[in-house]
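Asker: Fold the following for me, if possible:
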Amino acid sequence: MEDTTLLCLPYAGSGASFFRGWRGLAPKGVSVVPLQLPGREERFVEPLLTDVAAAVEDLLSRALCECRDAERIAVFGHSLGAVLAYELTHRLVAEGDVPVTRLFVSGSPGPRHVREIRAALLDDAEFLARVHELAGYSHPALENPELRDLLLPVLRADVDMHESYRPPPHPRLDIPITALRGRDDHLVSSVQAAEWQAATTADASVLELDGGHMYLTDHPHALLRLVAAQLAESGSR
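Answerer: As a prediction, the model looks like this:
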């Protein structure tokens with residue numbers, strides 16, 4: 001199997017550092033490349049974005065730089081990151097010479113699904129409670145008042161971005177899509193994950209791992225093994 005560069009897009013409130021730990025876990029032949037949104041970590045001084053199109057425009061040049069010498073490209077995103085991964089994949093495919101071979105969308109219904117439960121306009125306490133309720137997970141740093149003050153604007157901007165997203169009328173992709181979810185995810189059902197079939201003319205599958213909506217925080221080894229197996233399947237065709 002040829003080496004694959006796996007571009008990784010963050011979930012709401014997180015940054016590229018979440019995926020940097022995956023580099024030492026990834027099976028041979030998979031190179032994990034996190035993409036960083038503005039307003040967090042080393043891009044902290046840059047303005048936060050609340051629009052998916054603007055975020056993808058920002059990410060595109062960074063992705064193309066990482067793709068320059070890659071044999072194969074795959075894109076992975078979880079929750080908000082799945083939406084960003086989907087839109088970024090369309091932009092990369094439109095470039096014409098970027099070897100994108102598979103899209104991984106994790107913890108997300110299909111792109112045309114509109115979220116009915118909203119959190120962006122709630123006050124801070126209600127907002128954090130709603131996000132915890134939906135995700136079944138809360139970053140430990142949010143328990144520290146000083147760190148919470150730093151992280152809350154990022155989380156709010158990302159949730160606003162996710163809730164206001166409406167996909168443009170894209171043509172269907174012609175690359176395989178793997179939709180991933182935790183078996184106990186109460187936020188995204190297997191039926192909703194299967195909605196991604198409508199986004200491609202190629203194969204689409206729904207695969208499940210142990211855990212809830214944030215299964216990837218507890219089972220990165222299993223997830224990366226599954227990703228590598230899917231990439232090997234693409235490479236064998």
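Asker: Pick out the least confidently modelled helix or strand of the chain, by mean pLDDT.
Answerer: helix 124-135 (a mean of 72; mean pLDDT, DSSP states H and E).
Asker: What is that helix packed up against?
Answerer: helix 145-164 (3 or more CB pairs under 8 Å, 6 or more residues apart in numbering; DSSP states H and E). Where you see a C-beta, it was placed from the backbone N, CA and C, and this is true even at glycine.
Asker: mind checking how far the residue nearest in space to the middle of the chain is from residue 177?
Answerer: Centroid check for the chain by CA atoms, centre = their mean gives residue 77 as the closest residue, at 1.7 Å. Per CB to CB, to the nearest Å, residue 77 is found 12 Å from residue 177.
Asker: Now list whatever residues contact both of those two.
Answerer: 104-105 (CB atoms under 8 Å, 6 or more residues apart in numbering).
Asker: Sticking with the closest residue to residue 91 other than its chain neighbours, tell me its helix or strand.
Answerer: Nearest residue to residue 91 in three dimensions, chain neighbours excluded: residue 60, at 5.2 Å (CB to CB, 6 or more residues apart in numbering). Assigned by DSSP states H and E, residue 60 belongs to helix 52-67.
Asker: that older thread, so the residue nearest to the centre of the chain touches residue 85, yeah?
Answerer: Yes - between residue 77 and residue 85 a contact is recorded at 3.1 Å, counting by CB atoms under 8 Å.
Asker: sec struct for residue 104, please.
Answerer: strand (DSSP: H, G, I helix; E, B strand; the rest coil).
Asker: Please give the number of neighbouring residues around it.
Answerer: Per other CB atoms under 10 Å, the neighbour tally for residue 104 reads 28.
Asker: Excluding chain neighbours, what is closest to residue 119?
Answerer: Nearest one to residue 119, counting by CB to CB, 6+ apart, is residue 130 at 4.1 Å.
Asker: Wait, that neighbour touches residue 122, no?
Answerer: Yes - taking contacts as CB under 8 Å, residue 130 lies within contact range of residue 122: 5.9 Å.
Asker: returning to what we had before: which neighbours do residue 77 and residue 85 share?
Answerer: 9, 104-105.
Asker: could you pull out the strands for this protein?
Answerer: 4-9, 30-34, 72-78, 100-106, 177-182, 204-209 (DSSP state E).
Asker: Mind putting these into JSON lines with mean pLDDT and distance to residue 233?
Answerer: Formatted as JSON lines, the strands of the chain follow (pLDDT from 0 to 100; distance: least, CB to CB, whole Å):
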{"stretch": "strand 4-9", "mean pLDDT": "96", "distance to residue 233": "12"}
{"stretch": "strand 30-34", "mean pLDDT": "95", "distance to residue 233": "13"}
{"stretch": "strand 72-78", "mean pLDDT": "97", "distance to residue 233": "12"}
{"stretch": "strand 100-106", "mean pLDDT": "97", "distance to residue 233": "9"}
{"stretch": "strand 177-182", "mean pLDDT": "97", "distance to residue 233": "9"}
{"stretch": "strand 204-209", "mean pLDDT": "96", "distance to residue 233": "10"}
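Asker: of these, which approaches residue 143 most closely?
Answerer: strand 72-78 (22.0 Å; CB to CB).
Asker: Output the closest one as PDB - backbone C-alpha positions only.
Answerer: The C-alpha trace of strand 72-78 is given here as PDB (Å, rounded to 0.1, in the frame of the first residue of the first chain):
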ATOM      1  CA  ARG A  72      -2.300   9.600  -1.400                       C
ATOM      2  CA  ILE A  73      -4.500  11.900   0.700                       C
ATOM      3  CA  ALA A  74      -7.300  11.000   3.000                       C
ATOM      4  CA  VAL A  75      -9.300  13.500   5.100                       C
ATOM      5  CA  PHE A  76     -10.700  12.800   8.600                       C
ATOM      6  CA  GLY A  77     -12.900  15.000  10.800                       C
ATOM      7  CA  HIS A  78     -15.100  14.400  13.800                       C
END
